[in-house]
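[1] fold the following for me, if possible:
(one chain, ligands or ions: 1)
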Amino acid sequence: MAYNLLKGKKGIIFGALNEQSIAWKVAQRAVQEGAEIVLSNAPIALRMGELNKLAEECNAPVIGADVTSNDDINNLFIKTQEHFGGGVDFILHSIGMSINVRKSVPYPENNYDFTHKGFDISALSLHRILQAAMKHDAINEWGSVLALSYIAAQRYFPGYNDMSDNKAVLESIARNFGYEYGIKKHVRVNTISQSPTRTTAGSGVKGFDGFIDFAEKMSPLGNADADQCADYCVSMFSDLTKMVTMQNLFHDGGFSFTGVTQAVIDQMGK
Ligand SMILES: NC(=O)c1ccc[n+]([C@@H]2O[C@H](COP(=O)([O-])OP(=O)(O)OC[C@H]3O[C@@H](n4cnc5c(N)ncnc54)[C@H](O)[C@@H]3O)[C@@H](O)[C@H]2O)c1
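    Numbering: from 1, shown residues only. A predicted model of the protein is given here:
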């Protein structure tokens with residue numbers, strides 16, 4: 001069901017890799033709600049070719065950008081402003097990658113070259129994007145920027161490794177830049193802390209299936225899926241949430257505030 005919540009709005013969606021990607025669902029939902037979008041991902045992801053399907057479906061141009069490159073990001077904003085003939089109203093940062101996770105390097109033994117790379121891609125990229133957006137004056141008044149996070153920013157989760165640190169910094173950047181961009185142009189910046197979701201990035205975490213089952217049992221509403229996350233993102237891009245900024249918003253069926261559930265207790269007693 002569509003409500004025209006984003007009618008007339010324009011946005012950039014980073015991070016749609018395949019149909020499982022959270023960003024893929026957000027792109028589809030945003031367009032259903034009346035938005036026009038530009039899709040962006042790393043050149044290597046574009047070469048996989050799947051994004052073209054989404055681009056066609058959403059009638060959206062694809063502009064490649066490695067988010068660790070200032071030049072790529074500047075180019076993306078210049079081309080996007082040319083395409084729309086002006087600024088954008090929303091941006092989704094749906095980007096994450098840890099080489100330590102991928103190569104199963106235990107947290108105490110992290111390889112710092114891997115750590116730097118993962119930090120640059122997963123956390124600093126939000127700062128880079130916002131800095132470039134400000135420089136190009138590329139976000140309209142009352143625009144909305146969202147990045148996706150995970151509760152391992154606040155609590156220990158096995159296997160999440162240095163992505164926990166990356167998410168903690170990501171949320172901090174959203175808070176700090178939220179202040180700066182709010183003062184400057186009423187642009188709001190928030191993170192959504194999403195339930196574990198079966199995607200390429202998610203499945204990279206060791207023992208992910210057990211993780212998902214545990215979270216499901218630990219959430220009074222169950223896990224939030226990628227489509228539900230897309231609904232939440234759309235509401236955060238809309239004018240109905242104009243005064244929300246600098247927040248980390250849990251979208252997790254209640255997981256974050258549940259001590260233990262009866263389902264988990266019953267499981268333990270077995
Ligand atoms: N899947 C989960 O369980 C879960 C839970 C909470 C939060 N998140 C977060 O949601 C976001 C999206 O992840 P997803 O689960 O949809 O997985 P995904 O693998 O579909 O998306 C990750 C994206 O990051 C992109 N990326 C990696 N390196 C890049 C670079 N250098 N430049 C530009 N883009 C780059 C990838 O190409 C990919 O499109 C991530 O921030 C992830 O941490 C995921």
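[2] what's around residue 31, how many residues?
    20 (other C-beta atoms under 10 Å). From N, CA and C alone the C-beta is placed, and that goes for glycine too.
[3] and stretch 139-158, anywhere near the ligand?
    Yes - contact of stretch 139-158 with the ligand (C-beta under 6 Å from any ligand atom) involves 148, 149, 150.
[4] residue 175 is in contact with the second one, correct?
    Pointing back at residue 149 there. No - using C-beta atoms under 8 Å, residue 149 is not in contact with residue 175, being 11.4 Å away.
[5] shared neighbours of the two, anything?
    Applying C-beta atoms under 8 Å, 6 or more residues apart in numbering, one finds that residue 149 and residue 175 are jointly contacted by residue 248.
[6] show me which of the two is the more surrounded one.
    residue 149 (28 against 16).
[7] what distance do you get for that one to residue 267?
    27 Å (C-beta to C-beta, to the nearest Å).
[8] export the residues of stretch 139-158 next to the ligand as a markdown table, with columns for distance to residue 65 and pLDDT.
    Formatted as a markdown table, the residues of stretch 139-158 next to the ligand follow (distance: C-beta to C-beta, whole Å; pLDDT from 0 to 100):
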| residue | distance to residue 65 | pLDDT |
| --- | --- | --- |
| 148 | 17 | 98 |
| 149 | 21 | 98 |
| 150 | 23 | 97 |
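[9] hang on, isn't residue 119 packed against residue 168?
    No - the pair residue 119 and residue 168 does not pass the contact test of C-beta under 8 Å, sitting 10.8 Å apart.
[10] who has more neighbours out of those two?
    residue 119 (20 against 15).
[11] contacts for the helix or strand hosting the more buried one next, please.
    Residue 119 belongs to helix 112-119 when elements are defined using DSSP states H and E. Residues from elsewhere that reach helix 112-119 (C-beta under 8 Å, 6+ apart): 68, 97-101, 103, 105, 162-163, 165-166, 169.
[12] turn the residues you listed into TSV, including secondary structure, neighbour count and distance to the ligand.
    TSV is the format used below for those (DSSP: H, G, I helix; E, B strand; the rest coil; neighbours: other C-beta atoms under 10 Å; distance: C-beta to the nearest ligand atom, whole Å):
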residue	secondary structure	neighbour count	distance to the ligand
68	coil	16	5
97	coil	19	4
98	coil	26	9
99	helix	18	10
100	helix	21	14
101	helix	22	10
103	coil	9	15
105	coil	17	18
162	coil	21	12
163	helix	27	7
165	helix	20	13
166	helix	28	8
169	helix	16	12
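[13] excluding chain neighbours, what is closest to residue 14?
    Spatial nearest neighbour of residue 14, chain neighbours left out: residue 40 (5.0 Å); criterion: C-beta to C-beta, 6 or more residues apart in numbering.
[14] I figured the one you found hits residue 61, correct?
    No - using C-beta under 8 Å, residue 40 is not in contact with residue 61; the gap is 9.5 Å.
[15] more neighbours, these two?
    residue 40 (31 against 15).
[16] now the strands: where do they sit in the stretch 1-150 of the chain?
    For the stretch 1-150 of the chain, the strands defined by DSSP state E, counting those that start in this stretch cover 10-14, 36-40, 88-93, 139-149.
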